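>>> Sequence plus predicted model, see below.
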Amino acid sequence: MIRKLLIIILILTKPIIAWSQTVRGHAANSDDPRILFVSPAGAALLPSAQIVTGYEMYYTGLGLKNGFAAFSFPHQRFGTFSLTGQYFLSDIYRTGNFNIGYGRALFDRRFCFGLDLG
């Protein structure tokens, strides 16, 4: 059952997998799902449901690692809902966060607002 659900989600979202890319999205890239990590309002501009995942190793000898994943689900009537998660790991420090976001475009996509809970 879980496998079938995962396959359905992957088919519906047209996944975008970004390996070894930075999490810092740019506000000008309205179709880049990495914007979810920077601004929940940017989620309102995503054209379709998207998934982005990644894993980075900074300075391999030092053991600095960063993993991230985000999922967005736009709805024409209610706006865009998103889930993001990030995990940073080193030999002496660990931190992670999980956020639930909401973005909505108003006035023919001229104004966007967002809410981030996390």
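Sure, I can see it. In this text the structure is predicted, and so the values were computed from the model without any measurement. Residues are numbered from 1 along each chain as shown.

>>> what does the host helix or strand of residue 113 contact?
Following DSSP states H and E, one finds residue 113 within strand 111-117. With Cβ atoms under 8 Å, 6 or more residues apart in numbering as the contact definition, strand 111-117 has outside contacts at 39-45, 99-106. All C-beta spots, glycine's among them, are computed from the backbone N, C-alpha and C.

>>> which among those residues end up buried?
For those, a burial check counting by 16 or more other Cβ atoms under 10 Å picks out 39-45, 99, 101-105.

>>> So which of the contacts of strand 111-117 sit within strands?
99, 100, 101, 102, 103, 104, 105, 106 (DSSP state E).

>>> Now for the nearest residue to residue 42 once chain neighbours are set aside, how many residues are close by?
Residue nearest to residue 42 in three dimensions, not counting chain neighbours: residue 35, with 3.6 Å by Cβ to Cβ, 6 or more residues apart in numbering. Applying other Cβ atoms under 10 Å, we find 28 residues neighbouring residue 35.

>>> And the pLDDT for residue 35?
Note on residue 35: pLDDT of 80.

>>> any weak-confidence spans in this structure?
1, 4-30 (pLDDT under 70).

>>> Show me where it has its helices.
Counting by DSSP state H, the segments of the chain that form helices are 2-13.

>>> OK, contacts around residue 64?
Remark: with contacts taken as Cβ under 8 Å, 6+ apart, residue 64 is in contact with 57, 58, 88, 89, 90.

>>> so how far is residue 37 from it?
Between residue 64 and residue 37 the distance is 18 Å, computed by Cβ to Cβ, to the nearest Å.

>>> Show me the residue sitting in the middle of the chain in space.
Here the mean C-alpha position of the chain is nearest to the C-alpha of residue 70 (Cα atoms, centre = their mean), at a distance of 2.9 Å.
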